[in-house]
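>>> please work out how this folds:
(2 chains)
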Amino acid sequence: MNGAVAIVKKELRSYFYSPVAYVIMGVFLFVMGVIFAKFVAIYEAYNRARAFGQAQGITLDKLALYMYQNMAFILCFVTPFLTMKLFAEERRQQTFELLLTAPLRGVELVLGKFISAYILMVLMVGLSFIYVVFMILWGNPEMGIIFSTYIGLLLALACYISLGALISAMTSSQAIAAVWTFIVLLLLWLLQSLGQGVTTKWGFIDWGPTLVYISPLGHFNSFAEGLIHIKDVIYFLTFTIFMLFLTHRVVESNRWR
Amino acid sequence: MIEVRSLTKKYGERLAVDDVSFAVQRGEILGFLGQNGAGKTTTMKILTCFMPASSGTATVAGFDVFEKPLEVKKRIGYLPEIPPVYPELLVSEYLSFVAELKRIPRSERPRKIDRVLERCNLGSVRKRLIGNLSKGYRQRVGLAQALIHDPEVLILDEPTIGLDPKQVTEIRSLIKSMRSERTVIYSTHILSEVAATCDRIVIIDQGRIVAQEAISALSSAGGTTKTEIVVQRMSDQVLRALRDIKGVSNVQPFSNGAHRIVVESEAREDLMAEMSQVVVNQKAGLIRMSPVQLALEEYYLNLIGGRRDMQ
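Next comes the predicted model:
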């Protein structure tokens, strides 16, 4: 796995030498800041209403769910920008030949690429922890829910990045990789609504539950509600591993195509 | 060291490499000669395990490129046509990444990097961004990348393309300095380059090998050489006197503007001296005298041309 370590070090270097990582992180934190501010405003309004004895059934849990659902959705926009270069850039500047003719296993290459993007995104999402600090300072959040939500985020990130890596491995254009990653992530996200729609019965089978299961949204939601279900963990892990397996196949296909 | 047996590569319907077989001995420098698109790069990519062959086998240092790619890759240094460098890294960062990639133990890395920097004359740019380097320096960084792990086999795809004459000479002498120490395969479409650096050549055309020959055998091809003599005054006496020299087979005068005489003779140095003596004795006014080194070029063009004619 030494090769994977070399790749991770080089990738992280490249990320931080270019402005892309900083810009994306900045944009992400700005958008999250706006959402957090809105979240605080709603919570404040709720507290005021409660003071007048008119509580509308809004709880802090529901608001946290709202905020983190937004975060998971925004990550769909952010991920493509960070995964697009993983393989596409190597192909474009012909450095793929260096990697594929060095004594490096395909597994090491794919894992190295995946882990480097993962480290970067975990760092980025980790910065959002500042909102948790604010909540603790000026409120009384339920730590269990925050803990499970972040577990959910870590798992969702892995699944997004693995998908981005696969698409990046299939093209030599970063732009195409980014656009397709975004489209596929968005479609996966929307499958939830589609599956809950009324006309999901094609043939004799009701496809609704299947579509809902394929979408990461529902799986993430149970984490954000404070539930760590093994089935959700398995969903994210199998999704990630399957995507990485396909990425490995695509990379290796150079050798037998 | 390298053995290629009936290697064939198809891109869809097009045959890029067609039943190619050759062998390279340890310590030999092999020139891989052919026009653009003749199949040189494809053969090299197969040898470096970058892509598979459609059929046929190849072994490097006794390891099959399809069965044991990892072992082959450990022993090969490869410089592709476009140097595989990352523009956003410093030269030193790039080389330490490559050193790590090629499994050089941590303790040996600094020493190996220093050595390769010195060898490729990169000391002055080690702290520069690769993206800001000129084409010549990038090429040398690419070469450093191929050399860093002391590979037994070096595969260089047109290493001198796009370089200025001084850099070309430097790269050539670098390659020459590796003679007998490493096995080198070196592709080019420039003939003089092959003559200057290689021990042996393989000429490939439209995916097929049309000739494999030792350079020494080629340069005295047929044992004849041509000499061009430029004189002030052309006369029949000079021509006759030149024809009378023993060893001269043909004397051809040209008088378009300057008076030129092309003498075909045996490839011996003392004949040159004798010719100059004759020209001076005849008071023809010797201006210039130079050997016409066309042997390799003619050989090559005849081969390729012959094949085209047959089709």
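>>> which parts of chain A sit against chain B?
When proximity is defined as C-beta under 8 Å from any C-beta of the partner chain, chain A approaches chain B at A:2-3, A:5-7, A:9-10, A:13-14, A:17-18, A:93-105, A:254-257. Every C-beta, even on glycine, is put in place using the N, C-alpha and C of the backbone.
>>> again, 10 Å this time
A:2-3, A:5-7, A:9-10, A:13-18, A:89-90, A:93-105, A:108-109, A:112, A:254-257 (C-beta under 10 Å from any C-beta of the partner chain).
>>> mind showing which ranges of chain B have poor pLDDT?
In the prediction, chain B carries residues with pLDDT under 70 at positions B:216-224, B:256-257, B:267, B:293-299, B:301-311.
>>> ok, for the spatially most distant residue from the centre of it, nearest residue in space, not its chain neighbours?
Distance from the centre of chain B peaks at residue B:237, with 43.0 Å (C-alpha atoms, centre = their mean). In space, and not counting its chain neighbours, residue B:237 is closest to residue B:282: 5.4 Å by C-beta to C-beta, 6 or more residues apart in numbering or on different chains.
>>> which strands or helices does the helix or strand where residue A:232 lies pack on?
Assessed by DSSP states H and E, residue A:232 sits inside helix A:230-256. Helix A:230-256 is packed against helix A:85-92, helix A:96-101, helix A:106-127, helix A:143-169, helix A:208-214, helix A:216-224, with contacts defined by 3 or more C-beta pairs under 10 Å, 6 or more residues apart in numbering or on different chains; DSSP states H and E.
>>> now residue B:164: phi and psi?
phi -80, psi 160 (degrees, to the nearest 10).
>>> oops, could you answer that again for residue B:261 instead?
Main-chain torsions, residue B:261, degrees, to the nearest 10: phi -130, psi 130.
>>> the one 3 residues further on now?
Reported as degrees, to the nearest 10, the phi and psi values for residue B:264 are phi -100, psi 130.
>>> contact partners for it?
Each residue near residue B:264 by C-beta atoms under 10 Å, 6 or more residues apart in numbering or on different chains is listed here: B:224-227, B:248-252, B:292.
>>> how many neighbours does residue A:158 have?
22 (other C-beta atoms under 10 Å in any protein chain shown).
>>> what's the closest non-adjacent residue to it?
Nearest to residue A:158 is residue A:240, by C-beta to C-beta, 6+ apart, at 4.5 Å.
>>> tell me the contacts of the one you found?
Applying C-beta under 10 Å, 6+ apart, the residues contacting residue A:240 are A:114, A:118, A:155-163, A:165.
>>> how much space between residue A:247 and chain B?
In this view, residue A:247 and chain B are 18 Å apart by C-beta to the nearest C-beta, to the nearest Å.
>>> domain ranges for chain B?
By the assignment in automatic domain parsing, chain B contains the domains B:2-219, B:221-296.
>>> most packed of those?
Counting by mean count of other C-beta atoms under 10 Å in any protein chain shown, domain B:2-219 has the highest mean neighbour count of those, with a mean of 19.
>>> how about the helices in the stretch 1-150 of chain B?
B:40-47, B:69-75, B:91-101, B:109-119, B:135-147 (DSSP state H, counting those that start in this stretch).
>>> what about the third one and chain A, touching?
The reference is to helix B:91-101. Yes - residues of helix B:91-101 contacting chain A under C-beta under 10 Å from any C-beta: B:93-94, B:96-101.
>>> tabulate the residues you listed (CSV), appending distance to residue A:63.
CSV is the format used below for the residues of helix B:91-101 next to chain A (distance: C-beta to C-beta, whole Å):
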residue, distance to residue A:63
B:93, 46
B:94, 49
B:96, 49
B:97, 46
B:98, 51
B:99, 52
B:100, 47
B:101, 48
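>>> and the spatially closest residue to residue A:246 that is not a sequence neighbour, how many neighbours?
Among residues not flanking residue A:246 along the chain, residue A:166 sits closest, at 5.2 Å (C-beta to C-beta, 6+ apart). By other C-beta under 10 Å, the residues close to residue A:166 number 28.
>>> any idea how far residue B:173 is from residue A:166?
The gap separating residue A:166 from residue B:173 is 46 Å, by C-beta to C-beta, to the nearest Å.
>>> using the three-state scheme, assign the residue of the stretch 151-300 of chain B found nearest chain A.
The nearest approach of the stretch 151-300 of chain B to chain A comes at residue B:155, 8.8 Å away (C-beta to the nearest C-beta). With DSSP: H, G, I helix; E, B strand; the rest coil as the basis, residue B:155 sits in strand.
>>> test my guess that it contacts residue B:80.
Yes - in terms of C-beta atoms under 10 Å, residue B:155 counts as a neighbour of residue B:80; the distance is 9.1 Å.
>>> do you know the pLDDT at the residue of the stretch 51-200 of chain A at minimum distance from chain B?
Scanning the stretch 51-200 of chain A for proximity to chain B using C-beta to the nearest C-beta identifies residue A:98 as nearest, at 3.6 Å. pLDDT for residue A:98: 92.
>>> same thing with the one 5 residues further on?
According to the predicted model, the pLDDT of residue A:103 comes to 90.
>>> neighbours of it, how many?
19.
>>> got a list of what it touches?
Taking C-beta under 10 Å, 6+ apart as the test, what residue A:103 contacts is A:3, B:49, B:69-76, B:101-103, B:149.
>>> could you redo the last one with a cut-off of 8 Å?
Counting by C-beta atoms under 8 Å, 6 or more residues apart in numbering or on different chains, residue A:103 makes contact with A:3, B:70, B:73-74, B:101-103.
>>> now flag whichever of those residues is closest to residue A:148.
residue A:3 (34.9 Å; C-beta to C-beta).
>>> surely that closest one touches residue A:100?
No - in this structure residue A:3 lies outside contact range of residue A:100 using C-beta atoms under 8 Å: 11.9 Å.
>>> how far away is the residue nearest to residue B:237 from residue A:159?
91 Å.
>>> what helices and strands are in contact with the helix or strand where residue A:26 lies?
Here residue A:26, judged by DSSP H and E, is contained in helix A:19-51. If you count contacts as 3 or more C-beta pairs under 8 Å, 6 or more residues apart in numbering or on different chains; DSSP states H and E, helix A:19-51 packs onto helix A:60-83, helix A:106-127, helix A:129-138.
>>> show me what the shortest one is packed against.
To tie it back to what came earlier, the one meant is helix A:129-138. helix A:19-51.
>>> report the buried residues of the helix it packs on.
A:21, A:24-25, A:28-29, A:32, A:35-36, A:39-40, A:43, A:46 (16 or more other C-beta atoms under 10 Å in any protein chain shown).
>>> for stretch A:38-52, C-alpha coordinates in CSV please.
Below are the C-alpha coordinates for stretch A:38-52, written out as CSV (Å, rounded to 0.1, in the frame of the first residue of the first chain):
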residue,chain,number,x,y,z
LYS,A,38,-31.6,30.8,8.6
PHE,A,39,-31.7,27.8,10.9
VAL,A,40,-31.0,30.0,13.9
ALA,A,41,-33.7,32.5,12.8
ILE,A,42,-36.3,29.8,12.6
TYR,A,43,-35.3,28.4,15.9
GLU,A,44,-35.5,31.8,17.5
ALA,A,45,-39.0,32.4,16.0
TYR,A,46,-40.0,29.0,17.4
ASN,A,47,-38.7,29.9,20.9
ARG,A,48,-40.5,33.2,20.8
ALA,A,49,-43.7,31.5,19.7
ARG,A,50,-43.3,29.1,22.6
ALA,A,51,-42.9,31.9,25.0
PHE,A,52,-46.4,33.0,23.9
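>>> avg pLDDT for that stretch?
79.
>>> distance from that stretch to the middle of the chain?
Distance, stretch centre to chain centre, for stretch A:38-52: 30 Å (C-alpha atoms, centre = their mean, to the nearest Å).
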